[in-house]
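Novice: the following block contains a protein sequence and its predicted model.
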Amino acid sequence: MNTTADGTVLCVNSGSSSVKVALLSPDADGAPGAERRVGEAALEGIGTGQVRSWVRGPQEAAPREQPAGAADPATAVDGALDLVAAVMAGPPALIAHRVVHGGTRHTAPARVDDRLLADLETLVPLAPLHQPAALAGIRAAARRWPGVPQVACFDTAFHASLPEIARRLPLPEKVLGDEVRRYGFHGLSFAHVMWSLGTGAPARIVIAHLGNGSSLVAVKDGRAIDTTMGFTPTGGILMGTRSGDLDPGALFYLARQRGLSLDQLERICEHESGLRALGGTSDMRTLLAEAGRDPRAALAVAMFGYAIRKAIGAFAVALGGLDLLVFTGGIGAHAAPLRAEACVGLEAIGVQLDPSENQRGAARISTPHSRCAVRVIVADEESTMARQARAVISAPARG
């Protein structure tokens, strides 16, 4: 037995406002490749002054809240590793990191070494909010557990199969260079959905990952052919605090007529737009609860649902029809009213939602007669990371 590839994997997901870590072990009772979570910890709300900290050990059914200090991005990774280390029996066999951006060169998970780290540093301008956090996580884990193999798992890798018609941005080649293109994100979540579907996955699938960050992908014969996010995770459908796609002219106007700087426009599009701008909050539970009495909340929910179903319809055309629609992510898996809103009018492409099954959050929420099946699959990026890390370490070295 290869104890490195079969042992516990520590999965580190370092974001701009949170650090989540999870311990995963092979699940002998599950499907081949299944992982079970044996521990986890997180620091959330980093940089807001209202940090939440929690941990769950191997023998605990629920997380325990922990005292949260004034964590900032520079210290948050070490704080999260402190939490999880306290419930670990020893060092992990492997460490897997979610890395948002792999650029054009990294289209598969890769073992971390000095050369890879140096290359990932050059990609910071492509993901300035997320890439530095991932690099900090890799370095913090190496300091704590020197010698433990580390693997970088890229969110962009799932979309490496995008054809040129979907990948190319309609700008002059002289300004595009090699790096300005559609990349797509949420790849680890999409990969988990495809793993969950297994070999019986139909040919034409749309997956909607809906959370504070949201995107959809069109999958044909197991390969991504289009996705809503583009050059950055700010593009696509509107999100919790992100604008999604905008007419560039609106930004030009705000710069010229309102005197807004590039930094101000970036902050607005990243942190002050989307659901927050429309309904006053990015929390979908609050918006759904208030929608009946607050027109702003109702508009936010309606516009979010409208953007989702427009994307589903467009991708159904790109796919030449639709066999399966999957909802995943925190909102996609848990907000039944939003799923219903997103499916309004999709009867035209064969979607018939079962209201009672949708309300109870069943695994299949379409009627038995629906030409397009609709499913709900809980997101699990960490299991994807663990599987990818084991595969990288188990692969024979290339000479």
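Specialist: Sure thing, it's come through. Residues are numbered from 1 along each chain as shown.
Novice: hang on, residue 308 in a strand?
Specialist: No. Residue 308 sits outside any strand when classified using DSSP: H, G, I helix; E, B strand; the rest coil, being helix.
Novice: and the residue nearest to it when sequence neighbours are not counted, what does it touch?
Specialist: Nearest non-adjacent residue to residue 308, counting by C-beta to C-beta, 6 or more residues apart in numbering: residue 342, 4.0 Å away. C-beta coordinates here come from the backbone N, C-alpha and C atoms, glycine included. If a contact means C-beta atoms under 8 Å, 6 or more residues apart in numbering, then residue 342 has 208, 210, 304-305, 308-309, 312, 327 as its contacts.
Novice: redo that, cut-off 10 Å
Specialist: Shown in contact with residue 342 (C-beta atoms under 10 Å, 6 or more residues apart in numbering): 208, 210, 216, 304-312, 325, 327, 331-332, 335, 351, 353, 374.
Novice: equivalent analysis for residue 240, please.
Specialist: 210-214, 271, 273-276, 281-284, 304, 330-331.
Novice: switch the cut-off to 7 Å
Specialist: 212, 274-276, 282 (C-beta atoms under 7 Å, 6 or more residues apart in numbering).
Novice: what does residue 375 give?
Specialist: Residues in contact with residue 375, defined by C-beta under 7 Å, 6+ apart, are 324, 326, 363-364.
Novice: what kind of secondary structure is it in?
Specialist: Quick answer, by three-state DSSP: residue 375 is strand.
Novice: returning to that earlier point: mind putting the contacts of residue 240 into a markdown table with distance to residue 172 and secondary structure?
Specialist: Shown next, in a markdown table, are the contacts of residue 240 (distance: C-beta to C-beta, whole Å; DSSP: H, G, I helix; E, B strand; the rest coil):
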| residue | distance to residue 172 | secondary structure |
| --- | --- | --- |
| 212 | 34 | coil |
| 274 | 30 | helix |
| 275 | 34 | helix |
| 276 | 34 | helix |
| 282 | 36 | coil |
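Novice: among these, which pair sits farthest apart?
Specialist: Greatest spatial distance in the contacts of residue 240: 212 and 276, 9.9 Å, computed using C-beta to C-beta.
Novice: what's the overlap in contacts for these two?
Specialist: By C-beta under 7 Å, 6+ apart, the residues touching both residue 212 and residue 276 are 240, 282.
Novice: which residues in the stretch 201-350 of the chain form helices?
Specialist: 248-257, 262-271, 274-279, 284-290, 295-319, 329-334, 336-342 (DSSP state H, counting those that start in this stretch).
Novice: flag the shaky bits of the stretch 51-200 of the chain, pLDDT-wise.
Specialist: Low-confidence segments of the stretch 51-200 of the chain (pLDDT under 70): 68-74.
Novice: cutoff 50 now
Specialist: Applying pLDDT under 50 to the stretch 51-200 of the chain flags no residue at all.
Novice: list the residues that contact the most centrally placed residue in the chain.
Specialist: Note on the chain: the residue nearest the mean C-alpha position is residue 186, at 3.5 Å, using C-alpha atoms, centre = their mean. Residues near residue 186 by C-beta under 7 Å, 6+ apart: 155, 209, 215.
Novice: out of those, which is most surrounded?
Specialist: residue 209 (30 neighbours; other C-beta atoms under 10 Å).
Novice: so how far is residue 249 from the residue lying farthest from the centre of the chain?
Specialist: No residue in the chain sits farther from the centre than residue 257, which is 35.5 Å out by C-alpha atoms, centre = their mean. Per C-beta to C-beta, to the nearest Å, residue 257 is found 11 Å from residue 249.
Novice: try residue 16
Specialist: Taking C-beta to C-beta, one finds residue 16 at 28 Å from residue 249.
Novice: what about the helices in the stretch 51-200 of the chain?
Specialist: In the stretch 51-200 of the chain, the segments counted as helices under DSSP H, counting those that start in this stretch are 73-85, 114-121, 131-144, 164-167, 173-176, 187-197.
Novice: which residues does residue 219 bridge with?
Specialist: Residue 219 forms beta bridges with residue 205, residue 224, as assigned by DSSP bridges.
Novice: quick one: residues contacting it.
Specialist: 194, 205, 207.
Novice: report the mean confidence score over stretch 327-339.
Specialist: Mean per-residue pLDDT for stretch 327-339: 97.
Novice: now do the end-to-end distance for that stretch.
Specialist: One end of stretch 327-339 sits 8 Å from the other (C-alpha to C-alpha, to the nearest Å).
Novice: roughly how far is that stretch from the heart of the chain?
Specialist: For stretch 327-339, the separation from the chain centroid amounts to 14 Å (computed by C-alpha atoms, centre = their mean, to the nearest Å).
Novice: what do you get for stretch 221-231?
Specialist: 14 Å.
Novice: what about the closest residue to residue 196 other than its chain neighbours, neighbour count?
Specialist: In space, and not counting its chain neighbours, residue 196 is closest to residue 377: 5.2 Å by C-beta to C-beta, 6+ apart. Neighbour count for residue 377, taken as other C-beta under 10 Å: 20.
Novice: show me what contacts the nearest residue to residue 316 once chain neighbours are set aside?
Specialist: Residue nearest to residue 316 in three dimensions, not counting chain neighbours: residue 322, with 4.2 Å by C-beta to C-beta, 6+ apart. For residue 322, the contact set (C-beta under 7 Å, 6+ apart) comprises 204, 206, 316, 349-350, 372.
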